[in-house]
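Enquirer: no sequence on this one, just coordinates:
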């Protein structure tokens with residue numbers, strides 16, 4: 001799952017960078033940085049096509065998804081809707097709001113409709129955050145910050161492919177039970193005033209999910225914590241949704257679990273990941289319960305730090321000591337809970353995160369994915385990457401762009417060893433052609449394929465048909481002296497220059513200025529007089545940026561003139 005988020009973010013990056021440049025001139029009052037999370041979750045949860053936006057998806061994104069993932073609700077309340085408005089306008093004006101989308105006017109109307117409710121949701125988050133900040137003992141055993149140094153020092157963790165993780169998620173028992181509970185609830189069930197369900201309803205619900213009826217003399221509602229945990233999980237998974245008039249209803253697609261689409265399966269599983277907190281022991285004394293809060297997360301991280309598995313007796317002793325050290329009531333709480341690890345292990349194994357083999361407890365591939373996600377969620381450093389044998393060429397290129405050169409070379413070498421050179425060249429160039437706007441991926445792919453010599457010739461010849469790769473293909477085929485290969489043209493050279501400028505612009509202002517200063521002003525003016533004609537995805541934003549940052553006034557003026565020509569198509 002983590003690698004899918006990273007791939008989606010990398011796919012979005014060039015578009016968002018272009019939007020930020022566009023917004024400076026066209027929407028100066030908006031904060032384009034606020035668009036990133038909204039655009040990312042739109043891509044992950046609602047549309048695989050970055051250019052397809054629907055009113056219903058926009059409403060769900062802003063009112064359902066963003067309150068769960070937004071980092072700064074104060075900033076979001078002030079500026080997210082105006083930023084999204086600017087982003088949608090940018091998509092429409094640049095031809096990226098594609099067929100299948102609702103009109104810009106309709107989307108803007110939807111923004112107006114949800115504005116009040118969105119601001120209310122953000123203000124609720126602000127209030128909740130203030131309450132949390134005021135608590136003296138806000139941190140608990142689940143605070144991952146305590147493990148930050150150890151997590152950062154871990155060797156590279158290899159994550160399994162989405163297809164394998166989705167297959168495992170489909171078998172998670174707790175999700176099936178949450179589905180069965182939601183289906184039992186049905187549409188429009190009225191909740192009780194004092195407890196969600198009455199005793200008779202609780203007995204039916206227990207039977208529906210396969211839980212035994214407790215031998216309790218008082219109200220059943222006080223004796224079925226497992227049922228309420230499943231109820232909360234069903235809400236987390238969006239199988240259940242509160243309605244009007246103190247009702248709750250099953251969602252339409254709940255009965256379809258396990259879903260056919262791997263992405264839908266993993267999205268659902270990830271929604272329920274934070275249910276691990278339901279595994280914490282719940283002794284009757286509230287102070288004891290607080291002393292044990294976060295025990296499940298603490299155990300998970302210790303498993304990861306132990307290489308993915310630990311001997312349970314040793315782990316039990318270590319956790320008992322950690323609880324005692326963390327809270328003055330920890331020792332008493334541990335004893336009062338009876339077997340504090342029983343609910344922890346029941347929930348972790350039930351959610352597919354861990355498995356118990358005799359006295360050995362180990363993380364499953366889903367468990368590794370889950371802990372890495374929790375660490376990422378806590379904003380802590382961890383080196384987690386897809387398994388080499390399952391990494392696509394595009395995944396490899398995206399990852400390599402984010403690694404130090406030595407590590408990137410090692411990843412590339414390991415990936416190449418699994419393929420014949422000609423096949424590797426074909427896959428890399430196909431990945432580079434996926435997005436004409438992604439100059440960095442293109443340059444990386446061409447650089448690697450350029451080291452493969454004659455074995456890459458067939459791949460280079462096919463790449464001649466791709467406008468974004470033709471300059472690289474013509475250059476390398478010429479260097480290899482391939483008979484009948486076209487010679488690189490001046491336009492090919494200009495394309496390569498625009499690619500390099502795009503990459504340096506993405507690195508920051510200092511790097512971009514450095515790349516421009518390497519070119520004599522007279523030569524720069526000559527380039528600006530011709531590069532505006534090249535049909536490069538970033539030519540306009542590059543000319544705009546050059547006009548703003550170049551220290552030579554004549555060059556800046558030439559860039560503005562070239563930008564006008566590019567936008568108007570006039571020579």
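Expert: Structure received. Not measured: the values here are computed from a predicted model.

Enquirer: neighbours of residue 186, how many?
Expert: 10 (other C-beta atoms under 10 Å). In short, each C-beta sits where N, CA and C put it, glycine included.

Enquirer: pLDDT score assigned to it?
Expert: For residue 186, the pLDDT comes out at 95.

Enquirer: leaving out the residues flanking it, which one is nearest to residue 174?
Expert: Using C-beta to C-beta, 6 or more residues apart in numbering and skipping residues adjacent in sequence, the residue nearest residue 174 is residue 350, 4.2 Å away.

Enquirer: should've said residue 178
Expert: Closest to residue 178 by C-beta to C-beta, 6+ apart is residue 234, at 4.1 Å.

Enquirer: what sits up against stretch 239-258?
Expert: The contact list for stretch 239-258, computed with C-beta atoms under 8 Å, 6 or more residues apart in numbering, reads 169-171, 175-176, 178-179, 181-183, 185-191, 231, 234-235, 238, 259, 265, 268.

Enquirer: which ones among those residues lie within strands?
Expert: Among those, the residues falling in strands (DSSP state E) are 189-190.

Enquirer: list buried residues within the contacts of stretch 239-258.
Expert: 169-170, 175-176, 178-179, 181-183, 185, 189, 191, 231, 234-235, 238, 259, 265, 268 (16 or more other C-beta atoms under 10 Å).

Enquirer: quick one: the closest residue to residue 434 other than its chain neighbours and residue 427, what's the gap?
Expert: Distances taken as C-beta to C-beta, 6+ apart put residue 394 closest to residue 434, at 6.2 Å, once the chain neighbours are dropped. According to C-beta to C-beta, to the nearest Å, residue 394 stands 9 Å off from residue 427.

Enquirer: now stretch 244-251: average pLDDT?
Expert: Mean predicted lDDT for stretch 244-251 stands at 87.

Enquirer: so for it, what gets flagged as buried?
Expert: Under the neighbour-count criterion of 16+ other C-beta under 10 Å, stretch 244-251 has 248-250 buried.

Enquirer: now stretch 558-571
Expert: For stretch 558-571, by 16+ other C-beta under 10 Å, it's 558-563, 565-566.

Enquirer: and residue 310, helix, strand or coil?
Expert: Taking DSSP: H, G, I helix; E, B strand; the rest coil as the rule, one finds residue 310 in the strand state.

Enquirer: contacts only, for it.
Expert: Residue 310 neighbours (C-beta under 8 Å, 6+ apart): 302-303, 360-362.

Enquirer: before we move on, back to that, just the ones in strands from the buried residues of stretch 244-251, please.
Expert: Using DSSP E, the buried residues of stretch 244-251 in strands are 248-250.

Enquirer: could you single out the nearest of those to residue 26?
Expert: Of all those, residue 26 sits closest to residue 249, with 42.9 Å by C-beta to C-beta.

Enquirer: so that closest one bridges to which residues?
Expert: According to DSSP bridges, the partner residues bridging residue 249 are residue 241.

Enquirer: which helix of the protein spans the most residues?
Expert: helix 104-134 (DSSP state H).

Enquirer: next helix or strand past that one?
Expert: The helix or strand immediately downstream of helix 104-134 is helix 148-152, counting by DSSP states H and E.

Enquirer: now do that next one: distance to the chain's middle.
Expert: Chain-centre distance of helix 148-152: 21 Å, with C-alpha atoms, centre = their mean, to the nearest Å.

Enquirer: buried set for the next helix or strand after it?
Expert: Next helix or strand after helix 148-152 toward the C-terminus (DSSP H and E): strand 157-159. Buried positions in strand 157-159, judged by neighbour count with 16+ other C-beta under 10 Å: 157, 159.

Enquirer: same question, stretch 193-201
Expert: 196-197, 201.

Enquirer: identify all contacting residues around that stretch.
Expert: Taking C-beta under 8 Å, 6+ apart as the rule, stretch 193-201 contacts 191-192, 205, 219-221, 228, 231.

Enquirer: swap in stretch 459-474?
Expert: Under C-beta under 8 Å, 6+ apart, the answer for stretch 459-474 is 422, 425-426, 428-429, 432-433, 436, 442, 446, 449-450, 476-477, 480, 482, 485-489, 491-493, 495-496, 535.

Enquirer: now the buried members of those residues.
Expert: Buried among the contacts of stretch 459-474 by 16+ other C-beta under 10 Å: 425-426, 428-429, 432-433, 436, 442, 446, 449-450, 476-477, 485, 488, 492, 495-496.

Enquirer: one step back: for the residue nearest to residue 174, what are phi and psi?
Expert: Note on residue 350: backbone dihedrals following degrees, to the nearest 10 are phi -70, psi -30.

Enquirer: now residue 385
Expert: phi -140, psi 160.

Enquirer: beta partners for it?
Expert: With DSSP bridges as the rule, residue 385 is bridged to residue 158.

Enquirer: enumerate every residue touching it.
Expert: 3, 156-159, 391, 399, 411.

Enquirer: how about a cut-off of 7 Å?
Expert: With contact taken as C-beta atoms under 7 Å, 6 or more residues apart in numbering, residue 385 is in contact with 156, 158-159, 399.

Enquirer: now swap in residue 513 and tell me
Expert: With C-beta under 7 Å, 6+ apart, residue 513 has these contacts: residue 549.

Enquirer: now for residue 457, how many residues are close by?
Expert: Neighbours of residue 457 (other C-beta under 10 Å): 18.

Enquirer: the helix or strand where it lies: how far from the chain's middle?
Expert: Element membership for residue 457 (DSSP H and E) is helix 457-463. Offset of helix 457-463 from its chain centre (C-alpha atoms, centre = their mean): 34 Å.
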